[in-house]
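>>> Sequence and predicted structure are below.
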Amino acid sequence: MKQILHIFVKDARHQWLEILVSLAVTVALVFTCRSRWHTGAMLHGSAVSFSTFELLGDLPALLVLIVPLSWWLLISPVIHEEKLVGDRQFWITRPYEWKKLLAAKMLFLVVFLYAPLLLAQCVILAEAGFTPFSSFRGLLYGSLLLTCVLVLPLIALATVTKNFARMTLAVLGAAICLIAIVLLASNLPPDRVAIQYGREIAAFFVLCLCVAVVVLQYARRSVKVSWVLLALLPVVLFGASIMDGTPNNSVMDRNYPHSQRTVPSAQLVYQGKEGAGPSAYVAQKRDRVGISIPVLVSGVADGTVTIPDFLKVTLQAPGGGRWTSVWQTYSDDKFFPGEKVVSARFTMPRAIYDNFLGKPLNLQVTFALMQAHAGNVEQITLGHDDFAVSGLGICTPITDFAERPDEIRALVCRAPLRHPELTLIRTAWHTAPCSCASPNPDDNMQAAAWIGSTERDQAEFGIVPVWSSAVDLTNQLVRFNPTVEEVRHLCPQTPIAFTKYTLTARTQASFSIDGFQLPHLNAGQLTVINHD
Amino acid sequence: MRLAIRTEKLTRRFGRTVAVDHVDLAVPEGAIYALVGANGAGKTTIIKMLMNIFSPSEGRAEVLGVDARRLGGKSFTRIGYVSENQEMPEWMTVGAMLAYYRSFYPEWDSSLEKQLVRQFDLPLGRKLKHLSRGMRMKAAFASSLAYRPSLIVLDEPFSGLDPLVRDELIEGLLDRAPETTVFLSSHDLAEIESFSSHIGFLEQGRLLFSEEMPVLSERFREVTVTLDGPSTLPGNCPPWWLQPETADCVVRFVHSDYKQQVTERELAQFFPSARNFSLHPMPLRSIFLAIAKSGRNHAQPSENHSAEIDAKGIKA
């Protein structure tokens, strides 16, 4: 322990400037977040969720990216203080014990990287109106995610490089590799089926490789072997992107069982004859065709909502030709009690489409559905102040219409560590501006919006532990559009209801159609929908 | 005899280049062993294998009874290592460096540290990066001697230093010599001749010889043979005659296996008409040059020297 502390103190004395810079950036981030919560402005928790253009005009948000850069400035010199590459280092012929040296470096990172970050995250949570203590496990889990995604790879690169310049080159090389992998993966065929636990296996391999490089370097300083191990990382990541397709049937059957005991969460019927009929469109990938089929959804139980996650299609021609799609994602739709016609969209290879076009087919569509049950309804009267909603977090009404400062445009709700639980927000619009003498909401103009998700991880990956989600509650941003006939207003003192939905079941539901004919693609059709 | 360093067929290859080729070394405890050789002979590579900086491609080495490949951590509390091109914590002052190293060594002798600082006139408050080359070496020496190591390994420690600094370092080293083993590499022969007890000669990765200094000095003689008439070399010169040359009526060569009686008989056999034989002891530098210029085949003393002489004499 004495040696560990001795090395730690030496590093702290030498790296004081880097420590200071890192702390200053972290403190700046805390102040930025603090001002954001008070104005209700958005600040995503994830460093990777910003677009470049947003960042250029948003210095505070830029800080979320500068924090990891400051870690880079911290990790590189502290590892290179006793560098592991070369044969002239002063320390390799001194009584350094590698385990203690590694422990001293880890202690340095715990004290000057993790502790300030945790402290900053606690302050941010407190400033956002949450109790840091109750989120502490989630914060530790978040730190673990940051370690796996950012800190450990940086440490691994530092151990195989001589100095900051070399490490910078290595980081740039790694970034280029990642970009290349993303580009290559985007061109992979969409019909590939994921290997079970493929992501988890790849993450485990990446973690193991990084840990192995760090330990190997400290124990043996085997630079060549370490580089070979690091070179395996892009291979593993590319392999993971190949394996990361749509879920396979066994996974889907396990996660969305067909069990007899499972009550169907919705009834689905083809609505081709009464409605607009099926249509075909050009999918984003030019060798694929998108098909849209009208489906009547009914039978959703009161107090529940059915959320379609995936759909799978089987087409069978009378002559024996058969095509079954992989499970394709189905998003941005929710089925409520009552009847509703929705569009079931899927894509298929152009060659198969051409082959089946004009033939009477048997079409079977299977949906993978989640059923969520409505919980307590929390009703609040809208004001201009922040208000807390159980399971959702704290919401700030946004009033940024210059000409009508009393009107509420949107809600920005913030939740600790992750997106909030799935919640339905309902309110009523006003047909008259709020400044009118008695602005009563029109009960026939119900506004509804969903916020949150059913995913319940300990924490999501991000440096800022508060996740904001915005819900626009008026149409005033498009009020100059001539198609908008009536401007909708949301005024203070309007009741607003929050219904929390809890996931209760997952199931599959299907329907089939005999004699189905694939619709024709219209010549010169411009519809391009990304549905892969 | 206990050995501080022992190697068996120690070999190191870098790609196709053999930097060290099956070297067998034996350095007795208490010796001041000088490993000499031209630049690129493999001295630094051997030292780096001994210090477990490089691992051998073949063979093995033992340092203070420990397999060199296991050397590390606490083993270095008994070993001092100074190299001409070793990096140092440049941002530290001399005083901070000594204070930093102090806690790593249980045997650190603070009074000796102070003595070394005085002896080397080290500026404690100056940063290492601001020191001259000589001063840096002195600081490195002080930090490697203050814990009274059992073995001091020095890689070209005096290279490029002015004579004054060199003398100061040698003096500091010799003060510690009675209680330690010193293993150093150098290509500056004049400086090591005065204090080395053993010497090993390395050429192109091969150890040509390794022996005690007095034995080596005794083995080499500069021979001048004065003849009555114009001189010619015998057609079958023995391999231990290095750099034979003739001028007028004089034949000169370096005898690398001098034994008084045997050599005299040998000379008489090869030069029956010689007017005079003159045999002079040689300084280490001259021995080194003679061996280097003659090539490795002539360096090893012969076991059957007398028999070979007799045979050649008869042939001649």
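Yep, that arrived.
>>> got the CA coordinates for stretch A:220-232 in PDB?
Output of stretch A:220-232 as PDB, limited to C-alpha atoms (Å, rounded to 0.1, in the frame of the first residue of the first chain):
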ATOM      1  CA  ARG A 220       4.900  -8.300 -19.100                       C
ATOM      2  CA  ARG A 221       5.200  -5.200 -21.300                       C
ATOM      3  CA  SER A 222       4.500  -7.400 -24.300                       C
ATOM      4  CA  VAL A 223       3.700  -4.600 -26.700                       C
ATOM      5  CA  LYS A 224       3.500  -6.700 -29.800                       C
ATOM      6  CA  VAL A 225       1.100  -9.200 -28.300                       C
ATOM      7  CA  SER A 226      -1.000  -6.300 -26.900                       C
ATOM      8  CA  TRP A 227      -1.300  -4.600 -30.300                       C
ATOM      9  CA  VAL A 228      -2.400  -8.000 -31.700                       C
ATOM     10  CA  LEU A 229      -5.100  -8.100 -29.100                       C
ATOM     11  CA  LEU A 230      -6.100  -4.600 -29.800                       C
ATOM     12  CA  ALA A 231      -6.200  -5.300 -33.500                       C
ATOM     13  CA  LEU A 232      -8.800  -8.000 -32.700                       C
END
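>>> In it, which residues are buried?
A:Arg221, A:Ser222, A:Val223, A:Ser226, A:Leu229, A:Leu230, A:Leu232 (16 or more other CB atoms under 10 Å in any protein chain shown). (Glycine included, C-beta is placed from N, CA and C.)
>>> Can you sort out which of those also neighbour chain B?
When contact is defined as CB under 8 Å from any CB of the partner chain, the buried residues of stretch A:220-232 do not meet chain B at all.
>>> Take those residues and keep only those in helices.
A:Val223, A:Ser226, A:Leu229, A:Leu230, A:Leu232 (DSSP state H).
>>> if we take those residues, which one ends up nearest to A:Met370?
Nearest to A:Met370 out of these is A:Leu232 (CB to CB; 37.1 Å).
>>> any idea how far the nearest residue to that closest one once chain neighbours are set aside is from B:Val254?
Computed as CB to CB, 6 or more residues apart in numbering or on different chains, the closest residue to A:Leu232 that is not its neighbour in sequence is A:Leu209, at 5.9 Å. Separation of A:Leu209 from B:Val254 (CB to CB, to the nearest Å): 60 Å.
>>> Same question for A:Trp467.
86 Å.
>>> Please state the offset of stretch B:131-151 from the chain centre?
20 Å (CA atoms, centre = their mean, to the nearest Å).
>>> Just the CA trace of it, in CSV.
Written as CSV, here are the backbone C-alpha positions of stretch B:131-151 (Å, rounded to 0.1, in the frame of the first residue of the first chain):
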residue,chain,number,x,y,z
LEU,B,131,21.3,19.0,-15.8
SER,B,132,24.3,18.5,-18.0
ARG,B,133,25.0,15.0,-19.2
GLY,B,134,27.7,14.5,-16.7
MET,B,135,25.6,15.7,-13.8
ARG,B,136,22.7,13.5,-14.9
MET,B,137,25.0,10.5,-14.8
LYS,B,138,26.2,11.5,-11.4
ALA,B,139,22.6,11.8,-10.2
ALA,B,140,21.9,8.3,-11.7
PHE,B,141,25.0,6.9,-9.9
ALA,B,142,24.0,8.4,-6.6
SER,B,143,20.4,7.1,-6.9
SER,B,144,21.8,3.6,-7.7
LEU,B,145,24.5,3.5,-5.0
ALA,B,146,22.7,4.9,-2.0
TYR,B,147,21.0,1.6,-1.2
ARG,B,148,24.3,-0.4,-1.2
PRO,B,149,23.2,-2.8,-4.0
SER,B,150,24.8,-6.3,-4.2
LEU,B,151,25.2,-5.8,-7.9
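>>> three-state assignment of whichever residue of the stretch 151-300 of chain B sits closest to chain A?
Per CB to the nearest CB, B:Val153 is where the stretch 151-300 of chain B lies closest to chain A, at 8.1 Å. Recorded secondary structure, B:Val153: strand (DSSP: H, G, I helix; E, B strand; the rest coil).
>>> The one 5 residues further on now?
When the structure is reduced to helix, strand and coil (three-state DSSP), B:Phe158 reads as coil.
>>> show me the contacts for it.
B:Met137, B:Arg166, B:Leu169, B:Ile170, B:Ser186, B:Asp188, B:Glu191 (CB atoms under 8 Å, 6 or more residues apart in numbering or on different chains).
>>> excluding its backbone neighbours, what's nearest it?
B:Arg166 (4.7 Å).
>>> Can you get me a residue count around the one you found?
B:Arg166: 18 surrounding residues under other CB atoms under 10 Å in any protein chain shown.
>>> What is whatever helix or strand it lives in packed up against?
Using DSSP states H and E, B:Arg166 falls within helix B:163-176. In terms of contacts (3 or more CB pairs under 8 Å, 6 or more residues apart in numbering or on different chains; DSSP states H and E), helix B:163-176 is packed against helix B:110-120, helix B:133-145, strand B:151-155.
>>> Check what contacts the last one and list those residues.
Counting by CB under 8 Å, 6+ apart, strand B:151-155 makes contact with B:4-5, B:43-44, B:47, B:50-51, B:63-64, B:78-86, B:144-145, B:173, B:176, B:180-185, all of which sit outside it.
>>> before we move on, the earlier item: which positions within the helix holding B:Arg166 qualify as buried?
With the criterion 16+ other CB under 10 Å, helix B:163-176 contains buried residues B:Val165, B:Arg166, B:Glu168, B:Leu169, B:Ile170, B:Gly172, B:Leu173, B:Arg176.
>>> cool, and stretch B:199-218?
Neighbour-count burial for stretch B:199-218, with 16+ other CB under 10 Å as criterion, is recorded at B:199-210, B:213, B:216-217.
>>> can you count the residues close to the closest residue to chain A within the stretch 101-250 of chain B?
Using CB to the nearest CB, the closest approach of the stretch 101-250 of chain B to chain A is made by B:Phe104 at 4.7 Å. Applying other CB under 10 Å, we find 21 residues neighbouring B:Phe104.
>>> What mean pLDDT does stretch A:21-35 get?
On average, the pLDDT along stretch A:21-35 is 87.
>>> what's the answer for stretch A:461-476, then?
On average, stretch A:461-476 scores 78.
>>> Which of the helices and strands packed on helix B:163-176 sits closest to A:Phe356?
strand B:151-155 (78.5 Å).
>>> and chain B, what are its domains?
Domain assignment for chain B by automatic domain parsing gives B:3-212, B:220-315.
>>> how about stretch B:55-73: buried residues?
Result for stretch B:55-73 [16+ other CB under 10 Å]: buried residues B:Pro56, B:Gly59, B:Ala61, B:Glu62, B:Val63, B:Leu64, B:Ala68, B:Leu71, B:Gly72, B:Gly73.
>>> Which strand or helix spans A:Ile181?
helix A:164-186.
>>> So which other helices or strands are in contact with that helix?
helix A:59-81, helix A:152-159, helix A:223-243.
>>> Tell me how far the first one lies from the chain's centre.
This means helix A:59-81. 23 Å.
>>> now the angle from it to helix A:164-186?
120 degrees (axes from the mean of the first three to the mean of the last three CA atoms, to 10 degrees).
>>> helices and strands around helix A:59-81, which ones?
Using 3+ CB pairs under 8 Å, 6+ apart as the test, helix A:59-81 ends up in contact with helix A:2-14, helix A:16-39, helix A:52-56, helix A:98-109, helix A:152-159, helix A:164-186.
>>> May I see these arranged in CSV, with distance to B:Gly125 as well?
Formatted as CSV, the entries for these read as follows, by distance: least, CB to CB, whole Å:
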stretch, distance to B:Gly125
helix A:2-14, 16
helix A:16-39, 19
helix A:52-56, 47
helix A:98-109, 26
helix A:152-159, 31
helix A:164-186, 28
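>>> tell me the most buried of those?
For those, average neighbour numbers computed from mean count of other CB atoms under 10 Å in any protein chain shown are highest in helix A:152-159, which has a mean of 24.
>>> average pLDDT across that one?
95.
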